[in-house]
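Asks: Sequence and predicted structure below; questions after.
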Amino acid sequence: MPNLLTLPFKSTSAIPLRSALREYIQSAHPETHPDAFKWDINKWENMRKEAVSNAVHVDTVDKALAYQAQLVFILTKIPANVNLPIPYSRAFPLNSALSPLSLNNLAYERANVLYNLGALYCNLATSEDRSNAEGIKRALAHFQNAAGVFSHMLSSALPALESSLLPDTPMPGDLSAPFIKSFQLLMISQAQECFWQRATLGTTGNLLVAKLSAKTSSLYRETAEAVESDSTTSALFPRDWLAHVRMKFHHFASAALFRKSMEDLEASRYGIELARLDMARSEAKKAMEIGRRGGIARAVQNDTKSLFENLETSYNRAERDNDLIYHQVVPSASSIPSIPEIKDVVFCIIPPGLQDPKGVTGEGNVILGELSGWGVRVAVDVYQQRKKDWVQLEIMDRAKHLNVEASRALQSLNLPATLDALDRPIGLPPSLLGKAEEVRLEDGMNRIPALIEDVRRLSRRNLNNIDEALDILDQEATEDEEMRTAYSVDVWTRPTSYEANQELTDQAARYREILDKAMESDRELQENWERWAPNIAALCWEESELEKYVPSSTVNATPGGGARSTQGHARALRAHLESLDDLVHARSELVQRVQRISETDNVTPRFMREASAHARWVEVRPDVFEQAIEEELGKYDRYRTELEESERRQEEALNGIRERNTAFLESRREDPSIKAREVALQALDLAYHQYCDIRKDLKEGIKFYNDLATLIAEMKETFKAWVLHRRKDVEDAPPSEHMRAPQLGQANRFPQPSSHPQAQYEYETIPSQSQPWSHPQSQSQPRPHTVESQPPPQSPPPPLSFEDDFAANLPSPTSSAWQSMSTAPTTTRKKNRNMAH
């Protein structure tokens, strides 16, 4: 059995390479058919099968190197994270039942191939016959190559794997840098041991062998420290392997002292010889103790035992000679100078196939050689996304913002409505006609009262349901009082209904309070409707009636200097408005032009030329194209400059519009007929907006009451369940000798509550209320759950009449009082109704 450690292989299984690669080509390169890469796929599958066979033979080295070289090239063509699950077993599984770790990552495949290559070199080394110099030489070379493979993993494969992992995917523990570093040190240590062994076979002097032994001990110590310094490595590294390494550290420390004592004997330093032999015995004892406790291989323990026996013989001889002949003082261990280590004689030798992968495959024998690199595709996607974001932010959003600013500025000046009143005194603005048609088609004057009545009915229904729920508690309270009358106080000791149903009555009080506030909002909305009903009614008229309703005038109707001045200001104001319209239209054309250019912008040819300038075997990452991306985006800067110029001209146009509008309004101030027309148009426009707000609030009110009805129905069912529970307590109570004679009318003491199915209210299916509403407070017996904050009962309001005298109190459409009237719609309803949820 060899006295050196052999790394295990990481096994794998077949992967769905063909389907995954075809899927990737179809999605990432739609211009290329997957069948064009049949040869590449077949070659990939065959090379992988040969490379992962893990056969311990020198020919397998070349196959693994060739496959690794192909992976290096493939990763320049496709990204690591393709949809290709790759399973590999753990190097040292903590649990034998642990399944292989599978990752969708080609860099994971490459890292495992390199690990198995290092393990292959290690297996070749331990399989050599080290009983002769040639076998030791071959083992030494294999160990150095294994260390070189792990060194290449640390500098190349592992960083690439770590950078390609998804954010939520941790680095595999047996491929972490500290774990692989410990293997590299172990291979160097075993290579150093082979060098030491070759030196012991010849006529090498004792001092040189001592230095080689000290160097070997130092490398094994460094390996043990590397394993123990990292928690992941310490957890994964086998315990018996760590004990083996520590035993080797003490063994070679003892061997170094033994060889140095021989050199002291030759130099007649008998006292120092005896001291070194004693120190060597101590190190050998430590090694043997670790071997016994750590389950170390028998061959390793035999080596240390043989060394200790030689030390014992030499120590006894040296002690006897010094006592009888030499009588030299034996110095203490601390005063003995340490053995100087020899400089490095073994190194990490990276196989040439790893340093120059294209030397293994050649230029024309690569897989996916005709496929464009993934870095180019990603760079094109990055450019397209940046371009889209830039166009959206710098052109489209900015142009939209300028258009909104212009529109708001005109709305604040009431333009062009003011000019419409001047240009079209006969007839109405199309916008007003459209609004009036909408109200007329909806039958607004009948629809709003119907909605108001629906809201009122729903609110009354909810109040009735709350009262019915409280009636259930009243009935139970009456029954409880009867039982208290029938039983003595000492026997009937359960809480009174008032005490037991406090939480339920509080819940009903909360719902009643929400309803009260909502009904207050309904009354405010009713008042708002009564205030605006006359003007909304005007919107329901036909167009001819509306034209008669709105005062009609022209500038020519009042000839004079004021009219000529108004016409001049109107022409100037119209010219500024047309200039502003031209700017808005030009901006719209600019946005459309940029969108067309952006859609046809193709940077792929340029990026392909940029990629071809790099070496073929170099992975062209997207960040290589950063400068090209910036240059391509720079061609859109001129459109931003045009937009900035449009912004400056718009500001000038708006300033001119404000100045001309001020002069125009001053000239119109003395024309009462035109002013009356403007006020009438404004009044009708405000009436339309009030109609929309009232309609929206009423629909929200119906939804609110329907939702609240569901909650009240659930509360009512909760009350019924509570009453049934109380009655069950009474039925389960045993008869008592203290029960009094029942009173008349108590035969049916526990009637079952009637079942009321839960109602779902919708606007189209609201039932009519034929019975007048009355509050259930007229019972002779007071209810124990009555809430003191409950408002007194009120009779329902009389049906609305929209032809009462209230509408007559509004100002006439031609009155100037409209300018000072507050028309803000009430929002109290929404705040109160949200409390029910």
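Replies: Nice, I can see it. What you see is a predicted model; the values in this text were computed from it and never measured.
Asks: can you give me the helices in the stretch 101-250 of the chain?
Replies: Using DSSP state H, counting those that start in this stretch, the helices of the stretch 101-250 of the chain run over 106-126, 133-152, 158-164, 177-201, 206-229, 231-236, 239-266.
Asks: and the first one, how far from the chain's centre?
Replies: If you compare the mean C-alpha spot of helix 106-126 with that of the full chain, they lie 37 Å apart, counting by Cα atoms, centre = their mean, to the nearest Å.
Asks: Next, the angle helix 177-201 makes with it.
Replies: For helix 106-126 against helix 177-201, the angle by axes from the mean of the first three to the mean of the last three Cα atoms, to 10 degrees is 20 degrees.
Asks: just checking, what packs against helix 106-126?
Replies: Where contact means 3 or more Cβ pairs under 8 Å, 6 or more residues apart in numbering; DSSP states H and E, helix 106-126 is packed against helix 58-74, strand 86-88, helix 133-152, helix 158-164, helix 177-201. From N, CA and C alone the C-beta is placed, and that goes for glycine too.
Asks: before we move on, the earlier item: out of the helices of the stretch 101-250 of the chain, which gets nearest to residue 66?
Replies: Each of the helices of the stretch 101-250 of the chain has some distance to residue 66 by Cβ to Cβ; the shortest is helix 106-126, at 10.5 Å.
Asks: Between the two ends of stretch 389-402, how far is it?
Replies: With Cα to Cα, to the nearest Å as the measure, the first residue of stretch 389-402 is 18 Å from its last.
Asks: ok so, going back, redo the helices and strands packed on helix 106-126 as CSV? Include distance to residue 394 and mean pLDDT.
Replies: Formatted as CSV, these follow (distance: least, Cβ to Cβ, whole Å; pLDDT from 0 to 100):
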stretch, distance to residue 394, mean pLDDT
helix 58-74, 39, 93
strand 86-88, 44, 95
helix 133-152, 47, 96
helix 158-164, 32, 93
helix 177-201, 44, 95
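Asks: Of these, which is nearest residue 528?
Replies: helix 158-164 (65.1 Å).
Asks: List the buried residues of that closest one.
Replies: 158, 160-161, 164 (16 or more other Cβ atoms under 10 Å).
Asks: do the same with stretch 13-21
Replies: So, applying 16+ other Cβ under 10 Å, buried residues of stretch 13-21: 15, 17, 20-21.
Asks: List just the nearest of the residues you listed to residue 481.
Replies: Once Cβ to Cβ is applied, the member of these that ends up nearest residue 481 is residue 20, at 80.6 Å.
Asks: Make sure that closest one is indeed in a strand.
Replies: No. Residue 20: not assigned to a strand; according to DSSP: H, G, I helix; E, B strand; the rest coil it is helix.
Asks: and it, what does it touch?
Replies: Applying Cβ atoms under 8 Å, 6 or more residues apart in numbering to residue 20 gives the contacts 82-84.
Asks: nearest to residue 384, of those residues?
Replies: residue 82 (21.2 Å).
Asks: check contacts around that closest one.
Replies: Contacts of residue 82 by Cβ under 8 Å, 6+ apart are 20-21, 24, 104, 106.
Asks: Of those residues, which one scores lowest on pLDDT?
Replies: By pLDDT, residue 24 ranks lowest within these, coming in at 87.
Asks: element containing that residue?
Replies: helix 17-28 (DSSP states H and E).
Asks: what's the spacing between that helix and its chain's center?
Replies: Counting by Cα atoms, centre = their mean, helix 17-28 comes out at 28 Å from the chain centroid.
Asks: what angle sits between it and helix 58-74?
Replies: 10 degrees.
Asks: Residue 439 touches residue 691, doesn't it?
Replies: Yes. Checked against Cβ atoms under 8 Å, the pair residue 439 and residue 691 is within contact range at 5.9 Å.
Asks: Next, format the helices and strands packed on helix 106-126 as JSON lines and append distance to residue 301.
Replies: Listed next are these as JSON lines, based on distance: least, Cβ to Cβ, whole Å:
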{"stretch": "helix 58-74", "distance to residue 301": "32"}
{"stretch": "strand 86-88", "distance to residue 301": "34"}
{"stretch": "helix 133-152", "distance to residue 301": "21"}
{"stretch": "helix 158-164", "distance to residue 301": "35"}
{"stretch": "helix 177-201", "distance to residue 301": "16"}
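Asks: Quick one, which of the ones you listed gets closest to residue 484.
Replies: Smallest distance to residue 484 across the helices and strands packed on helix 106-126 (Cβ to Cβ): 77.6 Å, for strand 86-88.
Asks: Which other helices and strands does the closest one contact?
Replies: So strand 86-88, by 3+ Cβ pairs under 8 Å, 6+ apart, packs with strand 101-103, helix 106-126.
Asks: coming back round to it: what two of the contacts of residue 82 are the furthest from one another?
Replies: Every pair of the contacts of residue 82 checked by Cβ to Cβ; the farthest is 21 and 104, at 12.9 Å.
Asks: anything in contact with each of the two?
Replies: Common neighbours of residue 21 and residue 104 (criterion: Cβ under 8 Å, 6+ apart): 82, 84.
Asks: quick revisit: which residues do residue 439 and residue 691 both contact?
Replies: Joint contacts of residue 439 and residue 691 (Cβ under 8 Å, 6+ apart) are 536, 539.
Asks: Out of the contacts of residue 82, the closest to residue 665 would be?
Replies: When the contacts of residue 82 are compared for distance to residue 665 (Cβ to Cβ), residue 24 wins out at 68.9 Å.
Asks: which residues does that closest one contact?
Replies: Going by Cβ under 8 Å, 6+ apart, the list of residues near residue 24 reads 78, 82-83.
Asks: about what we covered before: which stretch among the helices and strands packed on helix 106-126 approaches residue 124 most closely?
Replies: helix 133-152 (4.6 Å).
Asks: Now do the closest one: which elements does it pack against?
Replies: helix 106-126, helix 177-201, helix 352-355.
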